[in-house]
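Colleague: pasting a predicted model and its sequence here:
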Protein chains: 2
Amino acid sequence: MSVNLRIPGPTPCPDDVLQAMSRQMINHRGPEFKEMLERITGSLQRLFETKNDVLTLTSAGTGAIESAVVNVLSPADRVLCVSIGVFGDRFADIAKTYGADVQKLSFDQGTAADPEQVAAALRADASFKAVTVTHNETSTGVTNDLGAIAKAIRGVRPDILILVDAISSLGSVPLPIDAWDLDVVFTGSQKGWMVPPGMSMVAVSSRAWSATESAKIPRYYFDYKKAKSYLEKGETPWTPAVSVYFAMDVALKKLEAEGLRAIHERHARLGQFTRDGVKALGLKLLADERVASNTVTAVVVPDGVEGPALNKMMRTEYNTVLAGGQGSLTGKIFRIGHLGLVTQEDLQACLDALKLALPRVGFSPSGVAAHA
Amino acid sequence: MSVNLRIPGPTPCPDDVLQAMSRQMINHRGPEFKEMLERITGSLQRLFETKNDVLTLTSAGTGAIESAVVNVLSPADRVLCVSIGVFGDRFADIAKTYGADVQKLSFDQGTAADPEQVAAALRADASFKAVTVTHNETSTGVTNDLGAIAKAIRGVRPDILILVDAISSLGSVPLPIDAWDLDVVFTGSQKGWMVPPGMSMVAVSSRAWSATESAKIPRYYFDYKKAKSYLEKGETPWTPAVSVYFAMDVALKKLEAEGLRAIHERHARLGQFTRDGVKALGLKLLADERVASNTVTAVVVPDGVEGPALNKMMRTEYNTVLAGGQGSLTGKIFRIGHLGLVTQEDLQACLDALKLALPRVGFSPSGVAAHA
C-alpha cells in the first residue's frame, strides 16, 4: 500500500511525470532545452491566463517571494502587507528584511482579508508603492477573495503594484492574472502542478517591469531582467533544475488536456468533499467555510488530543501523512492537502483513517477526552 | 546511440541516480527526509574533508556564490576578488551588486592566479575583509593552486575570510577544506557529483559563522543561520528539491564506495588523456598545461574554423555535445567536460568525432584553413 501523502506540497506526482524526472541530462544551453522552455513558458501563460512574461526560477516558493520583493522595490518604499497567516507574515518579513517600510494589515487566523479594509488603508496613506497579498494561505486553509481585493485596490490606486503569493493556488483555483490586473504573481512546481519541488514560476506585468527600472534593492540570482534576457534566447541565466523542467513539460500537457475549468472544478469538489467529511467526524474547521481553501483544509485539533500524536499515529499506523500547524498554530491544527494529483478515494481513505485514529489518541465526538 | 554529453555540467548521471530522481514525493518535514538529510550532510562532510557545517540549498551554483557574499559581508566591506575568468568575474560582480568595495585582481585567461601577487595585494592594504577565489575556472579550464593561494593569504592575514567558488572542482580534484583553512566553500550537484542540477552545497567555517553575526547585507532565502537551525532538526527552511536529494543520497554512496583518492586519480587521468588527445589532433589548449583543469578542457578554435559551426556539427552529426566559450571567449574556444560520470571511451569517442568533424568545418592541422 502506497503512502497517502496528504500534505499541501510536495504533492504526489503522476507516474509519467516521475518518469520524466529520470531522463538523462541534456545541455541546458542547447536546442532541446530551448524548445522545452518555450513550450513550458507558453503553457504556463495559458494556464496563468496571462499575456505577461512568465519566468521560471530554480528555487523553492520562498525564493519567488524574495524575487518579487527585490525586483520591484527600493529600500524605504512603503508597502502594505496583507496577512492572514504564516505566509502573509513571511511576505512582510522578507519586504522588511530588504528595507521596505512595511505596514502590516493582519486578519484573524481562519478568516480572509476584507477588501474594504485594504482599500481603507490605501486611502489613509497615499504613499504606498505596493500591496502584498497571499491568495491562498496554506497555513490556515483560507483563500482570499483576490478578485475583490484587487478591484478594491485598483479603485483607490489604479497604478499601485499588486504582488501576489499564489504558491498554493495558481493552477488549482481560479486566478485570471490579466483580468484581475495583478503585477507579480508566483507559484511553485510542487503544488497543484503535480511536479516535484525545485522550480518557481513568476508572471511579471509591464507595470512591474517599469518598477524594476527604478527598484534599488540589490539582486542577482533572482534578477528578473537577467531571466528575461536569457528566456529570449531559450535559456535561463543560471543552470536550471533540468529534471524538474522535464517533469513540468509532461505535467503541463496533462493539465492543458484536462482544461483549466475542469481542474478548478475538481479542486472545488474535493475541497467540499474534505470539509464535509471532516465535519461528519465531529471535527471543527479552522477556516470560516465561506472562505475555506479548495487546496488545503485546516482542522482544529479537538480537546483531549495532542496534534503531533495524531499525525504520528496517522503516519505510522494508517500510512497517511498529514501536515501539522505552523507558527502559533503548531499543535492546534492539522492540515489535509487536496491539491494536484488526488482523488476522492484518497480523501475518503484519509477520513476513514482519521475515524479510526482519533479515538485512539483521546478523541470523543462530544469533545470530552476519552482517556482524560 | 546515446548522446555523448561533454559539457562541464550538467553531467551525465548513473542509472541508479536517475532512478532515484523518479521516486514518489515524501514529506520534507518528516522522519524519512530527516534521515536522508543527515546521511547526505555527513557524507558531504567526509568528501569535503571538513568538520565545518555543510548546508544544502535549492539553487544553481550562482545562488551559492550569492549566498557566500550576502551571509558574511556588509556593504562597503573591502573585498579582494581574484579572477582568472568568467566565474571569478561573476563572484566580483555579485559582491559589487551587494555593495562590497571590490578590488579585482585579474590574471590572463588561460593562466592561474599567482599566490605571491595575492599576498602582495593583501600586504598593500590591510583593510580587506575577505578574499574571493575560484578554485577551478570552468570558462578557461584552469585550476588555481588553491592550497598555495590559501597559504599565501594566511601568511599575511591569518584571520581574513577566504570564500571559494569550488563549483566545478570540489569532489573531483583535491580540496581539503579544513587543511587549507577555507571559510566558505561551495559546489553544485550537477558537477562531479553525478546528480542533476538543483542543489548547491556550502561548507561554512566557524570564522565565517562569526562573520555572519555582524554581516549587514540583507538575506533571507539564502540565510545560512536559518539553514543551520533547520538542519539541526533534519529539515531545510524552505521546500527542498526533494528528488535531487534522493539522487544525491544514491550518488554519495557510490562516491564514498569509490573513495576520494580514487575519484581524484580518475579525474587526473582523464584530464591528462583529454589534453594529450587534443594536442595529438593538432589543436592548442587555452590553458597553460601546468595549471590545466582535470574537470574541463578549453581548446582554442583553430584558424579557419568557426567555433559555433564546429559545435553544431559535433552535435548534429556526431552525437557529441561540447560547450562553447563564454564572455570574451565566445567563438574563440570550445570546451570538453570530463568530470563526474565519464569514461576514457567517452573521451576517445569525442576525440574521434573531433578528428572527423574538424576538417569538415575548415581545419587543417597546419593551421591553414582547408577551404579558405
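Modeller: Perfect, thanks for sending it.
Colleague: give the contact list for A:Arg39.
Modeller: By C-beta atoms under 8 Å, 6 or more residues apart in numbering or on different chains, the contact list for A:Arg39 reads A:249, A:252. Using the backbone N, CA and C atoms, a C-beta is placed for each residue, glycine as well.
Colleague: what's the spacing between it and A:Cys13?
Modeller: 19 Å (C-beta to C-beta, to the nearest Å).
Colleague: which positions within the lengthiest helix in chain A qualify as buried?
Modeller: In chain A, taking DSSP state H as the definition, the longest helix is helix A:260-280. Buried residues in helix A:260-280, counting neighbours by 16 or more other C-beta atoms under 10 Å in any protein chain shown, are found at A:260, A:263-264, A:266-267, A:270-271, A:273-275, A:277-278.
Colleague: would you turn those residues into TSV with distance to A:Phe128?
Modeller: Listed next are these as TSV, based on distance: C-beta to C-beta, whole Å:
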residue	distance to A:Phe128
A:Leu260	32
A:Ile263	34
A:His264	31
A:Arg266	37
A:His267	32
A:Leu270	37
A:Gly271	33
A:Phe273	40
A:Thr274	37
A:Arg275	35
A:Gly277	42
A:Val278	38
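Colleague: need the three-state assignment for the nearest residue to A:Arg29 once chain neighbours are set aside.
Modeller: Closest residue to A:Arg29 apart from its sequence neighbours, by C-beta to C-beta, 6 or more residues apart in numbering or on different chains: A:Glu235 at 5.6 Å. Three-state call for A:Glu235 (DSSP: H, G, I helix; E, B strand; the rest coil): coil.
Colleague: need the contact list for A:Glu235.
Modeller: For A:Glu235, the contact set (C-beta under 8 Å, 6+ apart) comprises A:28-29, A:33-34, A:37.
Colleague: likewise A:Ala203?
Modeller: A:44-45, A:48, A:50, A:52-54, A:177, A:182, A:184-186.
Colleague: recalculate using a threshold of 7 Å.
Modeller: Shown in contact with A:Ala203 (C-beta atoms under 7 Å, 6 or more residues apart in numbering or on different chains): A:48, A:50, A:52, A:54, A:177, A:185.
Colleague: A:Ala309 too?
Modeller: A:Val361.
Colleague: for it, give me the pLDDT.
Modeller: Predicted confidence (pLDDT) for A:Ala309: 97.
Colleague: now do the helices in the stretch 251-372 of chain A.
Modeller: A:260-280, A:307-318, A:344-360 (DSSP state H, counting those that start in this stretch).
Colleague: so which elements touch the longest one?
Modeller: In terms of contact count using 3 or more C-beta pairs under 7 Å, 6 or more residues apart in numbering or on different chains; DSSP states H and E, helix A:260-280 is assigned the packing partners strand A:296-300, helix A:344-360.
Colleague: one more pass at 10 Å, please.
Modeller: Counting contacts by 3 or more C-beta pairs under 10 Å, 6 or more residues apart in numbering or on different chains; DSSP states H and E, helix A:260-280 packs against helix A:31-47, helix A:242-258, strand A:296-300, strand A:333-337, helix A:344-360.
Colleague: alpha carbons only: can I get the second one in PDB?
Modeller: Listed in PDB are the C-alpha atoms of helix A:242-258, where the atom choice follows Å, rounded to 0.1, in the frame of the first residue of the first chain:
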ATOM      1  CA  VAL A 242      16.700  20.400 -15.700                       C
ATOM      2  CA  SER A 243      14.800  17.300 -14.400                       C
ATOM      3  CA  VAL A 244      12.100  19.500 -12.900                       C
ATOM      4  CA  TYR A 245      11.700  21.100 -16.300                       C
ATOM      5  CA  PHE A 246      11.300  17.700 -18.000                       C
ATOM      6  CA  ALA A 247       8.600  16.900 -15.400                       C
ATOM      7  CA  MET A 248       6.900  20.200 -15.800                       C
ATOM      8  CA  ASP A 249       6.800  19.700 -19.500                       C
ATOM      9  CA  VAL A 250       4.900  16.500 -19.100                       C
ATOM     10  CA  ALA A 251       2.600  17.700 -16.300                       C
ATOM     11  CA  LEU A 252       1.600  20.800 -18.300                       C
ATOM     12  CA  LYS A 253       0.500  18.700 -21.200                       C
ATOM     13  CA  LYS A 254      -1.700  16.700 -18.900                       C
ATOM     14  CA  LEU A 255      -3.100  19.900 -17.200                       C
ATOM     15  CA  GLU A 256      -3.900  21.500 -20.600                       C
ATOM     16  CA  ALA A 257      -5.600  18.400 -21.800                       C
ATOM     17  CA  GLU A 258      -7.800  18.400 -18.700                       C
END
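Colleague: show me what counts as buried in it.
Modeller: In helix A:242-258, counting by 16+ other C-beta under 10 Å, buried: A:242-252, A:255.
Colleague: near chain B, list only the ones from the residues you listed.
Modeller: By C-beta under 10 Å from any C-beta of the partner chain, the members of the buried residues of helix A:242-258 lying near chain B are A:242-247.
Colleague: what sits against A:Asp40?
Modeller: If you look again at residue A:40, you'll see it is Ile, not Asp. A:Ile40 sits next to A:54, A:56, A:199, A:201, A:245-246, A:248-249, A:251-252 when contact means C-beta atoms under 10 Å, 6 or more residues apart in numbering or on different chains.
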